[in-house]
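can't give you the sequence, but here's the structure:
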């Protein structure tokens, strides 16, 4: 998917609005063998700490899919952060 000249991607736009990359490891029970666990990894841009996109996905899972959820482990990273500033001890000028 190409961008028009001067356009920014939707992912970048979300990052500027405060979204961060969220990864969820979802363990669920196999429908035909409930004693066996299967893993699924979900990744999307989402807002910490309420995670509306992840909550929507998990609601869809519980409503439409057969494998009952066992557990969900979430990791989140804000990709665009304030710049780190450090004091400079001196200035060196080169000619």
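Cool, the structure landed. All of these numbers come straight from a predicted model, not from anything done at the bench. Residues are numbered from 1 along each chain as shown.

for the protein, which segments count as helices?
10-16, 52-64 (DSSP state H).

residue contacts, the residue nearest the centre of the chain?
For the chain, residue 22 is the residue whose C-alpha lies nearest the centre (C-alpha atoms, centre = their mean; 1.7 Å). Contact analysis of residue 22 by C-beta atoms under 8 Å, 6 or more residues apart in numbering lists 43, 44, 45, 46, 48, 51, 53, 54, 74, 75, 76. In this view, the C-beta of every residue, glycine as well, is placed from N, C-alpha and C.

and the first one, how many residues sit next to it?
Same thing as residue 43. For residue 43, the count of nearby residues is 11 (other C-beta atoms under 10 Å).

got it, and the one 3 residues further on?
Using other C-beta under 10 Å, the number of residues around residue 46 comes to 24.

and if you look at residue 48?
Around residue 48 there are 13 other residues, counting by other C-beta under 10 Å.

please name the nearest non-neighbouring residue to it.
residue 76 (5.0 Å; C-beta to C-beta, 6 or more residues apart in numbering).

quick check: residue 28 touching residue 67?
Yes: using C-beta atoms under 8 Å as the test, residue 28 is close enough to residue 67 to be in contact (4.0 Å).

now do the shared contacts for those two.
38, 61.

all strands of the protein, in order?
Under the criterion DSSP state E, the chain carries strands at the ranges 20-29, 37-46, 69-77.

quick one: low-confidence parts of the chain?
Low-confidence regions of the chain, defined by pLDDT under 70, span residues 1-6, 81-95.

now render the strands of the chain as JSON lines, adding distance to residue 8.
Output for those, formatted as JSON lines (distance: least, C-beta to C-beta, whole Å):
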{"stretch": "strand 20-29", "distance to residue 8": "17"}
{"stretch": "strand 37-46", "distance to residue 8": "14"}
{"stretch": "strand 69-77", "distance to residue 8": "20"}
